[in-house]
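K.L.:
pasting the sequence and the predicted coordinates here, then a few questions.
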Amino acid sequence: MSAKAFRAPLTLAAATVIALTGAAAFTASVLPPTPAAARAPAQAVTVHISNFTFNAPTVTIGLGTTVTWVNDDDIPHTVVATDRSFKSKPLDTGDRFSFTFTKPGEVAYFCSLHPHMTGKVVVRAT
Amino acid sequence: MTDDLEEPAVPGRRAALKCMAWAGTGALWTLGGGLAGAVSLDQALAAPKRMGGGVAAPFSFLQISDSHVGFAKPANPDARATYREAVAKIAGLPVKPAFIIHTGDITQLSRDAEFDDAEQIIRETGLPVFHVPGEHDMLDDGNGQAYLDRFGKGAKGDGWYSFDHSGVHFVALINVKLLKPGGMGQLGPDQLAWLKDDLAGRSSSTPIVVFTHMPLWTISTDWGWGTDDAQQALGLLRRFGSVTVLNGHIHQVIHKLEGHVAFHTARSTAFPQPAPGTAPSPGPLVVPADRLRAALGIREVSVTRGGGPLALIDTPLAS
């Protein structure tokens, strides 16, 4: 049986970037825009690693969202960005790794021990 | 999978072979000339004595694999203990092996204490040990530097090397260092260039033994059980009359013959893994505690004179 069959249905909702509050932001239009990560309330998404699979393999998030990976397997895994923008230490059973995404775009990642395990984070610009 | 283990037209034999390979009851395999057959343990052990004289003295060596020192999970609460049992098994062999090869995943997490314990346990054999790393031995901050500092003296590049023993050329390859997203094992261009140079000028009648961690043939793409650029290495090896490829990584015995190249995966001394495609993932297979040692084991390899097929005895830690 393929490992794919065991992936959880991909139902993760994209994290919502909450609209600005506070009048100061509207009156300061001549200033450079405040970085979105600073504006948006902290968002969090968890990706479980089980059966040698990232569940879910693709997550779509807003700027400033922190993604946490949790290893549920009895074998260590890593979470390594293909462009090396982030790299976890080996995660033993129950270990976690978090990274906060502050740039829009797609980041592909994989497990450097089991490179057939791949995933992707899509960071929306808004 | 192992579909080309035998002629596709003879599923009965193939099925029987696979069955026997899984059972792994210490049967001895001779593989050569396109045929596989089993002879008795007694014959195998007697063979080196009968074959006295000649250029290359007969000898045997031992393969041990995937000791995963530090592993302590439901599939085996103490991988150090089973590694010690494997070492005790080696000490009890009727014919003393010339040396040991360890085909990787020495440790679980590349920690110093794990490497220390692994070295201490294997030292009990009093035999020379030749290592290659598994992906579990590359988890230090230096991405394998801890392994190289201990075992890489005299090796080239990321740790590959070769040596000769009694007329047999042994080649240690590293296929766990340059892993790419979506891929399997990887040898890399530098190592392949070195291999070409290493083999150049050697007589095609030289028996070759290649040992590495991940399989050099694709057993399961879904589980990453293969090596992406293995064909380039095998292309360099094809002209030799006797090539034996020994690896670990998949914690079970599978054999395959392709021309003059015989492939053999080995058991772990730590925990078994499921047969390809029989489980949701290749993770550790939990078996009843009283059956664990039947799923772990060591392998003795006998080399006879004249470049003939090597004889393998896979012995579980307990029957």
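P.N.:
On my side now, so go ahead.
K.L.:
now the strands for the chain?
P.N.:
Answering for chain A, as no chain was given. Ranges of strands within chain A are A:43-50, A:53-55, A:58-61, A:65-71, A:80-81, A:96-100, A:105-110, A:118-123, based on DSSP state E.
K.L.:
wrong one, I was asking about chain B
P.N.:
Per DSSP E, chain B carries strands over the ranges B:28-32, B:35-39, B:59-64, B:100-102, B:129-131, B:161-165, B:168-172, B:208-212, B:243-247, B:254-258, B:261-265, B:297-303, B:311-316.
K.L.:
just put those in a markdown table and tack on mean neighbour count and distance to chain A.
P.N.:
Every C-beta, even on glycine, is put in place using the N, C-alpha and C of the backbone. What follows is these, written out as a markdown table (neighbours: other C-beta atoms under 10 Å in any protein chain shown; distance: least, C-beta to the nearest C-beta, whole Å):
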| stretch | mean neighbour count | distance to chain A |
| --- | --- | --- |
| strand B:28-32 | 21 | 29 |
| strand B:35-39 | 13 | 29 |
| strand B:59-64 | 23 | 20 |
| strand B:100-102 | 23 | 18 |
| strand B:129-131 | 20 | 18 |
| strand B:161-165 | 16 | 23 |
| strand B:168-172 | 21 | 20 |
| strand B:208-212 | 24 | 16 |
| strand B:243-247 | 25 | 16 |
| strand B:254-258 | 21 | 19 |
| strand B:261-265 | 24 | 17 |
| strand B:297-303 | 24 | 20 |
| strand B:311-316 | 22 | 22 |
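K.L.:
picking up where we left off before, mind checking the strands of chain A for the one nearest to chain B?
P.N.:
Comparing the strands of chain A against chain B with C-beta to the nearest C-beta, the closest turns out to be strand A:105-110 (3.8 Å).
K.L.:
returning to that earlier point: wait, which of the strands of chain A is closest to residue B:232?
P.N.:
Among the strands of chain A, strand A:105-110 comes nearest to residue B:232, with 22.7 Å by C-beta to C-beta.
K.L.:
if we can go back for a sec, now tabulate the strands of chain B in TSV and tack on mean pLDDT and distance to residue B:218.
P.N.:
Formatted as TSV, the strands of chain B follow (pLDDT from 0 to 100; distance: least, C-beta to C-beta, whole Å):
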stretch	mean pLDDT	distance to residue B:218
strand B:28-32	37	19
strand B:35-39	35	20
strand B:59-64	97	21
strand B:100-102	98	23
strand B:129-131	98	24
strand B:161-165	97	24
strand B:168-172	97	20
strand B:208-212	97	14
strand B:243-247	97	12
strand B:254-258	96	10
strand B:261-265	97	11
strand B:297-303	95	22
strand B:311-316	94	21
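K.L.:
any chance of the ones you listed in TSV, with distance to residue B:110 too?
P.N.:
Output for the strands of chain B, formatted as TSV (distance: least, C-beta to C-beta, whole Å):
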stretch	distance to residue B:110
strand B:28-32	33
strand B:35-39	37
strand B:59-64	18
strand B:100-102	15
strand B:129-131	13
strand B:161-165	20
strand B:168-172	18
strand B:208-212	18
strand B:243-247	19
strand B:254-258	27
strand B:261-265	22
strand B:297-303	23
strand B:311-316	27
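K.L.:
get me the contact residues on chain B for chain A.
P.N.:
Neighbours of chain A within chain B, by C-beta under 8 Å from any C-beta of the partner chain: B:73-75, B:108-110, B:135-136, B:139, B:179-184, B:221-224, B:277-284.
K.L.:
and these, which of them are in helices?
P.N.:
Judged by DSSP state H, the residues of chain B next to chain A include no members of helices.
K.L.:
narrow those residues to those that are buried.
P.N.:
Burial by neighbour count, judged by 16 or more other C-beta atoms under 10 Å in any protein chain shown, picks out B:73, B:75, B:108-110, B:135-136, B:139, B:179, B:181, B:183-184, B:223-224, B:279-284 from these.
K.L.:
any idea how far residue B:222 is from the residue lying closest to residue B:176 once chain neighbours are set aside?
P.N.:
Leaving aside its sequence neighbours, residue B:176 sits nearest to residue B:135 (C-beta to C-beta, 6 or more residues apart in numbering or on different chains; 4.3 Å). Distance of residue B:135 to residue B:222, computed by C-beta to C-beta, to the nearest Å: 17 Å.
K.L.:
got it, and residue B:160?
P.N.:
28 Å.
K.L.:
same question for residue B:111.
P.N.:
Residue B:111 is 30 Å from residue B:222, by C-beta to C-beta.
K.L.:
pull the contacting residues for residue A:54.
P.N.:
Residue A:54 sits next to A:47, A:69, A:111, A:117-119 when contact means C-beta atoms under 8 Å, 6 or more residues apart in numbering or on different chains.
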